[in-house]
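# just need the structure, nothing else, for what follows:
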Amino acid sequence: MTKTIRFLALAVAGAVVLSACGALNALIPDQDVPGGVLGIGTAGVDVTLEADVGTAGIGAAQITTTFFSGTLDVASVDVDAIDELPNFVEADAITETITLGNSVVVTYPTTAAADSITLAELEFSGSVTISGTTYPLPVLTATGLEVVFANPECVDGVCAYTTATNLPEIDVALAASAVDAYSALLQGGGTIGVEVTVTATLASGIAADAEIVVTIESLGAVIEF
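Purely as a prediction, here's the structure:
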């Protein structure tokens, strides 16, 4: 993250040279942040999705459900201040695009593996915490999906599925207050972390004691000035 921020500082410094007055923010081009700003990164973060049906083990195996959810939790990381960044430079908007990895791993404790799993809906909700203050993220839902994960490779009830389908891409736009806080983070340093609830709706049910591990990946963020 520090390397990305240093790159941003150089762009800002170049804009300052171009003009000694006026709306300097408008002179700074949008900055692409390949790994994003939320700490998810291009390699992604694994999230375990489970059913919430009030039972477990063999009892849950008698229940099928299409709803599985889990929490993506990226612990706070330290961000150093940028000494070269003028104090009048502020971000206007920050948008990060996140997606799903092309494989999922499903554990079937007590039932046979499904031949395929179809993702029908994917929802993200949560918050970002910047220097100790928490800001809500918008609730974002990708609906009408037909992402088929198939060709399972199984060992002792643990099956890896893959897909060749185009995966949903969801744009997470930080609220104005969070953008202001991120600008202050660049100016004075601090910490940033994120917690997101991921909910997947399947087209048809599987046993409620199954456990699905998905990977949430960042396709990068754009900082606008």
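
# which strands and helices sit next to the helix or strand hosting residue 70?
Residue 70 is part of strand 64-79, with elements assigned from DSSP states H and E. Counting contacts by 3 or more C-beta pairs under 8 Å, 6 or more residues apart in numbering; DSSP states H and E, strand 64-79 is packed against strand 45-50, strand 117-130, strand 190-207. Every C-beta, even on glycine, is put in place using the N, C-alpha and C of the backbone.

# residue 156 is nearest to which of the ones you listed?
Evaluated over these, closeness to residue 156 peaks at strand 190-207, with 16.0 Å, by C-beta to C-beta.

# relative to that closest one, what are the paired strands and their orientations?
The strands beside strand 190-207 in its sheet (DSSP bridges) come out as strand 64-79 (antiparallel), strand 117-130 (antiparallel).

# can you pull the buried residues of that strand?
Of all the residues in strand 190-207, those buried under the rule 16 or more other C-beta atoms under 10 Å are 190, 192-202, 206-207.

# mind checking the strands paired with strand 190-207 for the one nearest to residue 104?
Using C-beta to C-beta, the nearest of these to residue 104 is strand 117-130, at 7.0 Å.

# would you mind writing the CA trace of the closest one as PDB?
Extracted in PDB, the C-alpha atoms of strand 117-130 (Å, rounded to 0.1, in the frame of the first residue of the first chain):
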ATOM      1  CA  ILE A 117     -23.200 -25.500  -8.000                       C
ATOM      2  CA  THR A 118     -24.900 -22.400  -9.600                       C
ATOM      3  CA  LEU A 119     -24.500 -19.000  -8.100                       C
ATOM      4  CA  ALA A 120     -27.700 -17.000  -8.600                       C
ATOM      5  CA  GLU A 121     -27.000 -13.900  -6.400                       C
ATOM      6  CA  LEU A 122     -24.100 -12.300  -4.600                       C
ATOM      7  CA  GLU A 123     -24.400  -9.600  -1.900                       C
ATOM      8  CA  PHE A 124     -21.800  -7.500  -0.100                       C
ATOM      9  CA  SER A 125     -22.300  -5.300   2.900                       C
ATOM     10  CA  GLY A 126     -20.100  -4.100   5.600                       C
ATOM     11  CA  SER A 127     -17.800  -1.200   6.700                       C
ATOM     12  CA  VAL A 128     -14.400   0.300   6.400                       C
ATOM     13  CA  THR A 129     -12.500   1.600   9.500                       C
ATOM     14  CA  ILE A 130     -10.100   4.400   8.900                       C
END
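
# check which residues of that strand are buried.
Using 16+ other C-beta under 10 Å as the test for burial, strand 117-130 gives 117-126, 128-130.
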